[in-house]
Structure formats: structure tokens, C-alpha cells
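In: What follows is a predicted protein model with its sequence.
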Amino acid sequence: MIECDRCKLFFCTKCLKMSDQTYAALCQAASVSHWFCLSCEQPALHAIRDDREIEEKCKAYFEEMNKRVEVLENEMPKKADKAVVDQLCSDINNLKTEMQGAHSDVSTLSDRLELIRKENEEKEKRKNNIVVHGLPEKENIPDEEIADELLSVIQVRARPRHVERLGQNRFDNPEVKGRPLRMVMENDTAKSEVMKNATKVRRGQTTSFDCKTVFINPDYTKLEREDSKKLREQLKKKRETDPNWIIRNFKIVRKPLPRTTGSPLGSRSDLGSPPRRPIVPPQHIGSPLSPSYPPASQLLAMRNREEEEQD
């Protein structure tokens, strides 16, 4: 058996058609060599390539910064003018600030690459989780009771397998709102039922909490939360000029216009034309089942008489 260095799963060397010589060589060089399965080989190679590019760019950038600092330091003894010296000192301070910013950017990029590597694992951990904001937090009321009452309000029969608050306990400050509540459902079906009925909380009524301040969301990963924050900032800028932008499926799209359906009778009344008189089909005139309408000839005479009176 051989273990993948990325997913930590074991694979049979015979199924992989790996020769004994290759297996022996990997075992002897285990401290300096790595082996990846077919599923992890491409992501691992991409990660290695990205790390190498980052290192090369950082190295080139810092070498350029050091050269610029050396040039400035060599020029300083040749200049006696105070203004020039002050300018050189300012340039050096700016270069130091840029270098610190570069260090910060590299660190942020490295953290994001690490999050990308663990994204699938985090999604798998959170696939049955739900996070609720706006629920009260009280010492004398268990969170399980509040979660059950919320599910009853949105008409969901399923109950969570585990309930917990996110963040530090803040009972010492009564003015602070309750911490977010994470509910771990039994399976994805139960979670989908909760998300499907999440909008019903706005129409719910209960004495334990204010339904209008409750928000039900999936348990997003850190990377998804960062992307969602950036998306909301972009949406805020777009709405400054046009309020019809919304977020759908992690994308900014225009709000669909409401469809208007008009009936023939409605359009006729809008134009102001009078309604037509009911005309009885000829085959029903005079039959026992026909309504009590006058004969067709009498109707025609009455219509002509009205037109003459209008003229």
C-alpha cells in the first residue's frame, strides 16, 4: 500500500500497476520525495507552481528594492542640501512602507492559497449545517428549544442533531445581541427543507423572538464569506446609480421586471368602448332551454332605434 501525500488515502500498488523497484525507491526517499494519487496530482502540481511563482516574484521585487535603497544611500553623502536629504529620507521611508505592504500581500495570498486547498474539505464538513442570525441568547432558555421553535415557525418537521453558538459567550453584556446559532441537521434533505422554507420566518409569529430580525443562511466557508463580502461591496457601488441590482447565486444581476398580463375585457374598458350586448345563437332561439331574451329581430330593431335617438 502507498499513501497519497495530499488526501492521505492509501492505494494498492498492484492496482496502480506500480513496479517493485519504483515502490522501493519511493520508500527509501520518503523524507525527500512525495507521491500523489491521480485525483490530487494536478491540484498539487498547480499549488507547487503557484508557490514557485510567488517566491520568484517576491525575490525579484526585494532585489529591486534593495538596489534602489543602495543607490539612495550612496547618493546621500554626495548631497549636502538639506532638502535633498529630506527627500531621500522620505523616499527610503516610502520604500520601506512598500516592502511592508508587499510582505502583507504575500502573506494574504499564501493564506488564501491554503484556504483554496482546504475548500472542498470545509464544504464537506458544513454541507448539513445552517447558521441563524438574530435569535436571542438567554441563560435560562436552552438553545435547542429556540432552534425547535424556529423550525416550527417555518413549518419544518426535521430537528437538528446538534446546536451550538458561534463566538465567545457574552452574557456579561446584555446590550449585545445573541451570537449566531449553528444547527447541524441530520442530512442534506433536512437542510434543503429548512432553506426552502427560510422565507416563511418573516410571516411567522412567536413570543420568544422577533421573526423579522431572523436570517437563515447556509454555513459558508471562510473563503465563501470573504467572496460574499466583496460581492456586497460591489453591489453597494452599483446601487448608487441603479437600485435594480441584486445578488443571485453569488452573482450580481439585474432584478427581473414584473410581468404584466392584461385581459381583453380589461383592455376594452381601458379604451372606453361600451360592452357588447349578449347575442343568443340562432339554434337556441325559441328553444325551451334558451334564456328569456327577445327574438333577434326585436333586438336589431331596438338597437337601430337607440342609434336614431343618439343622432
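Out: Received, thanks.
In: helices or strands next to the top helix by length along the chain in the packing?
Out: Longest helix in the chain by number of residues (criterion: DSSP state H): helix 38-75. Packed against helix 38-75, as judged by 3 or more Cβ pairs under 8 Å, 6 or more residues apart in numbering; DSSP states H and E, are the following elements: helix 82-117. Any C-beta I mention is one placed from the backbone N, CA and C, and that applies to glycine too.
In: can you pull the buried residues of whichever helix or strand comes after the helix it packs on?
Out: Per DSSP states H and E, helix 82-117 leads on to helix 119-126 as the next helix or strand towards the C-terminus. Counting neighbours by 16 or more other Cβ atoms under 10 Å, one finds that the buried residues in helix 119-126 are Glu122, Arg126.
In: can I have helix 119-126 written out in PDB, keeping just the CAs?
Out: Extracted in PDB, the C-alpha atoms of helix 119-126 (Å, rounded to 0.1, in the frame of the first residue of the first chain):
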ATOM      1  CA  GLU A 119     -12.100  24.400   0.500                       C
ATOM      2  CA  ASN A 120     -13.600  21.100  -0.500                       C
ATOM      3  CA  GLU A 121     -12.900  19.600   2.900                       C
ATOM      4  CA  GLU A 122     -14.500  22.600   4.600                       C
ATOM      5  CA  LYS A 123     -17.600  22.400   2.300                       C
ATOM      6  CA  GLU A 124     -18.000  18.700   3.100                       C
ATOM      7  CA  LYS A 125     -17.900  19.500   6.900                       C
ATOM      8  CA  ARG A 126     -20.500  22.200   6.600                       C
END
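In: so how far is Met195 from Lys8?
Out: Computed as Cβ to Cβ, to the nearest Å, the Lys8 to Met195 distance reads 32 Å.
In: Between those two, which is the more surrounded one?
Out: Summary of the neighbour comparison: Lys8 and Met195, criterion other Cβ atoms under 10 Å, with Met195 having more neighbours (15 against 8).
In: isn't the more buried one right next to Pro218, touching?
Out: Yes. Using Cβ atoms under 8 Å, Met195 makes contact with Pro218 at a distance of 6.8 Å.
In: so what's in contact with the two at the same time?
Out: Shared contacts of Met195 and Pro218, defined by Cβ atoms under 8 Å, 6 or more residues apart in numbering, comprise Ile130.
In: quick one: contacts for the residue sitting nearest the centre point of the chain?
Out: Closest residue to the average C-alpha location of the chain: Phe250 at 4.4 Å, with Cα atoms, centre = their mean. The contact partners of Phe250, taken as Cβ under 8 Å, 6+ apart, are Glu224, Asp227, Ser228, Leu231.
In: residues in contact with the third one?
Out: It stands for Ser228. Counting by Cβ under 8 Å, 6+ apart, Ser228 touches Tyr220, Phe250.
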